[in-house]
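**Student:** Sequence below, structure please.
(2 chains)
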Amino acid sequence: MVERPFDRLRKVPGQYWMLVLMWIRSALAYPASFVFMVGSSMLITVLDFVVIVIMFNHIKSFGGFSLGEMALLYATASMTLGIADLFTGSIERVGERIRTGSMDVYLIRPVPAFVQAAADQFALRRIGRPLQAGVVLVFAFSHLEVDWTVAKGIMLALSMVVGGIIFAAIFVLGASFQFVAIDSAELANAFTYGGQTLTQYPLSVFGKDIVRAVTFVVPLAFVNYYPVLYVLGKPAPLGLPSWIGLLSPAVAVAMVALASLAWRGGLRRYRSTGS
Amino acid sequence: MAVIELSNVSRAFTVTSRTGFRRTRREVRAVDGLSFTVEPGEVVGYIGPNGAGKSTTIKMLTGILVPTGGSIRVAGVDPSRNRLKLAKRIGVVFGQRTTLWWDLPLKDSFAVLQKMYDVPRARHRENLATFVELLDLGDLLDVPVRQLSLGQRMRGDIAAALLHDPEIVYLDEPTIGLDVISKARLREFLAQVNAERRTTIILTTHDLDDIEALCSRVMIIDHGHQIFDGTLAHLRASQSAPRTLVVDLATSLPPIEVPGATVTKVNGPRQHLTFPTTTKAAPLLAEIAANYPLVDLSVAEPTIESVITQLYTPTPTS
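**Tutor:** Okay, the predicted model is just below:
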């Protein structure tokens, strides 16, 4: 029986879902803790956007963005990170598994270690952020004056998925780095959770060096900033063409390729523990 | 056709130690130039002192660790390159760590394993019924794994490792921390699995009773090198650990004089003599019976512990 790589990929969603269900049921073994976590997670994300609304009580525009435009930027930043965090955020736990050697258990099973690590202790409470992002998105649409075209609609929808994939790739890169430097989870968090804080504002307010860094080094600007600029018909910074947002899918493909190589490299470097 | 083939396999680790601000790197070879083959259906006891390279070998055989030298074939494939494919054909039990879902009832772990390994439902039911009966798991199926005792959890882990009918099972210290009764029950179960399913079993352990009860073959590893490979009887014979002869005489006497044996202990009329394995016991007895009032006697083989202890070289202190 020859199993092609494609067959293996086709099984991934089913395997992932099966493991996610196991972890959700594990979490429900401690119901009080579960309710508390979901509640606090939602409260934090709600307060997060309230800050921006309060800010706009005092100013008319921020970095050339109106409240509606800010809301769109915020919603896309929150949605993309939220999706990535929900589905792959748990992968940062590999550091702990590498340190204690419990990664061994993943490696003896006929399910890719990546799938098991991504589903590890699946945190349903993380659904709070995409939900909040959805609410903010509705708020944004009601405040925006945009000449919607089919192209812009597709671009916006696509950028949510593509941006989520770019964030997910950064989560995986960070996790892969932990095979080399154990307990470096915070480094990846600086780019994911920290990156999300960055991407919810118009990047041009941070100055040209930051814009260069998030365009050419860690391509966070492709997550939502450039696609949103395209949708809103605003010019891109650094003299870049305004259609640069259309390159987001290509950036995502490159990031996934890089993350996949790093993860494989990390697994081959895995040393386990003494017993 | 060998099911496991190792040829000149090595695994080196770089160990960084720090004294003050100086970092020194040195290479430690956990396994060094290991070669052996295992035939289908064999039960191999893989033993050695702590840090000898047992777990490292098992981890390379499962594909968890990539060897730094040599080649490994398990069921015809290179484990680290075909880890996922091989996973369905092997079962692994880590004595020190569970593969079960900690917070969920035992039966939930079994159910998810059936899906993970694509075991046909009918086959799964059949296997589960067999293992529940043999390992006495009936009352434990609804208990969350975290509430199981060590012995109960180990039984669960062993059932979990065997549910997909693996051709090869690796057991890394399966009896560690178990009481005498649990150990005996596990050994009996493993012997039965091997006999009925022709499952190849590789067992690492510090408990030599496990080896005596189960293994037709013993491999001993020390400092990453194989130092013995053969049957238990062969192991005993190959070593010069002395045998002990205990004789009960009619009266208390001073230490008796017998050529080829020396008295080590006198306890009233009972005297203990030791003699090398190369000396035959029968002529020795004839000699004693001819010259002394012999009432009763017994011959003790060297314990397997003493034989193995002799084999191990002292660990260099570092």
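
**Student:** how about the strands of the chain, start to end?
**Tutor:** By default, I'm working from chain A. Applying DSSP state E to chain A gives no strands.

**Student:** My question was about chain B, not that one.
**Tutor:** For chain B, the strands defined by DSSP E cover B:4-19, B:22-38, B:43-47, B:69-74, B:90-94, B:168-172, B:200-204, B:217-222, B:225-230, B:243-249, B:262-267, B:270-275, B:294-300.

**Student:** can you tell which of the ones you listed is closest to chain A?
**Tutor:** Nearest to chain A among the strands of chain B is strand B:90-94; the distance by C-beta to the nearest C-beta comes to 4.4 Å. To be clear about C-beta, it is placed using only N, CA and C from the backbone, and glycine gets the same treatment.

**Student:** Can I get that closest one as PDB, trimmed to CA atoms?
**Tutor:** Taking C-alpha atoms only, strand B:90-94 is exported to PDB below (Å, rounded to 0.1, in the frame of the first residue of the first chain):
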ATOM      1  CA  ILE B  90       4.800  -0.500  16.000                       C
ATOM      2  CA  GLY B  91       3.600  -0.100  19.500                       C
ATOM      3  CA  VAL B  92       5.500   1.800  22.200                       C
ATOM      4  CA  VAL B  93       5.100   1.900  25.900                       C
ATOM      5  CA  PHE B  94       7.200   4.400  27.900                       C
END
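
**Student:** tilt between it and strand B:69-74?
**Tutor:** Put simply, strand B:90-94 runs at 110 degrees to strand B:69-74, going by axes from the mean of the first three to the mean of the last three C-alpha atoms, to 10 degrees.

**Student:** tell me the contacts of residue A:9?
**Tutor:** By C-beta atoms under 8 Å, 6 or more residues apart in numbering or on different chains, residue A:9 lies in contact with nothing.

**Student:** And it, how far from chain B?
**Tutor:** Note on residue A:9: its distance to chain B, by C-beta to the nearest C-beta, to the nearest Å, is 12 Å.

**Student:** so residue B:152 touches residue B:139, yeah?
**Tutor:** No - the pair residue B:152 / residue B:139 is not scored as a contact, 9.2 Å apart, by C-beta atoms under 8 Å.

**Student:** neighbour-wise, which of these two wins?
**Tutor:** Higher neighbour count among residue B:152 and residue B:139: residue B:152, with 19 against 9, using other C-beta atoms under 10 Å in any protein chain shown.

**Student:** which ones are touching the more buried one?
**Tutor:** When contacts are counted by C-beta under 8 Å, 6+ apart, residue B:152 touches B:140, B:143.

**Student:** closest point of the stretch 101-250 of chain B to chain A, which residue?
**Tutor:** Closest point on the stretch 101-250 of chain B to chain A, by C-beta to the nearest C-beta, is residue B:103, at 4.1 Å.

**Student:** and that residue, backbone torsions?
**Tutor:** Phi and psi for residue B:103, reported as degrees, to the nearest 10, are phi -90, psi 0.

**Student:** So for it, what pLDDT did the model give?
**Tutor:** On pLDDT, residue B:103 comes in at 86.

**Student:** Likewise for the one 5 residues further on?
**Tutor:** On the pLDDT scale, residue B:108 is placed at 91.

**Student:** which residues touch it?
**Tutor:** Here residue B:108 is in contact with A:22, A:25, B:101 (C-beta under 8 Å, 6+ apart).
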